[in-house]
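Engineer: predicted model, plus sequence, below.
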Amino acid sequence: MLNKTAKDVAALEEMLKVKSVEVEEKKEQAEAIAEKVGQEKAKVEAETARANVEQQKCEKIEAEVTAQQVCDMILHGTHSL
């Protein structure tokens, strides 16, 4: 009986070693994916910042064009907006 228990323990230890290797591999894969996601997130944030700057420029231009149109209407006597 003690012999069987020793064999069972040895088998469990071997299985634990195999599982530990598998877990370490999965952990490394997950870390690689997390790194890639972090890089992609940084790219998206940079693109978003650039898009926000462009949006602000467009809004400024739109406001200037609207103001110019109002001035033109006032100068030419067409007050209906």
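Structural biologist: Cool, the structure landed.

Engineer: let's check: the centremost residue of this protein is which one?
Structural biologist: residue 41 (2.9 Å; Cα atoms, centre = their mean).

Engineer: secondary structure class of that residue, three-state.
Structural biologist: Under the three-state scheme (DSSP: H, G, I helix; E, B strand; the rest coil), residue 41 adopts helix.

Engineer: that one and residue 71: what is the separation?
Structural biologist: Separation of residue 41 from residue 71 (Cβ to Cβ, to the nearest Å): 45 Å. Yep, even glycine has a C-beta here, placed from its N, CA and C like the rest.

Engineer: give me the distance between residue 36 and residue 42.
Structural biologist: Distance of residue 36 to residue 42, given as Cβ to Cβ: 11 Å.

Engineer: let me know the pLDDT of residue 77.
Structural biologist: The predicted structure scores residue 77 at 78 on the pLDDT scale.

Engineer: wait, residue 15
Structural biologist: Residue 15 is assigned a predicted lDDT (pLDDT) of 96.

Engineer: okay, now it: neighbour count?
Structural biologist: Close neighbours of residue 15, defined as other Cβ atoms under 10 Å, add up to 10.

Engineer: Provide a list of residues in contact with it.
Structural biologist: The contact partners of residue 15, by Cβ atoms under 8 Å, 6 or more residues apart in numbering, come to none.

Engineer: separation between it and residue 27?
Structural biologist: If you measure residue 15 against residue 27 using Cβ to Cβ, the figure is 18 Å.

Engineer: residues near residue 73, how many?
Structural biologist: 13.

Engineer: swap in residue 75?
Structural biologist: Here the neighbour count serves as a burial measure; for residue 75 (other Cβ under 10 Å) it reads 8.
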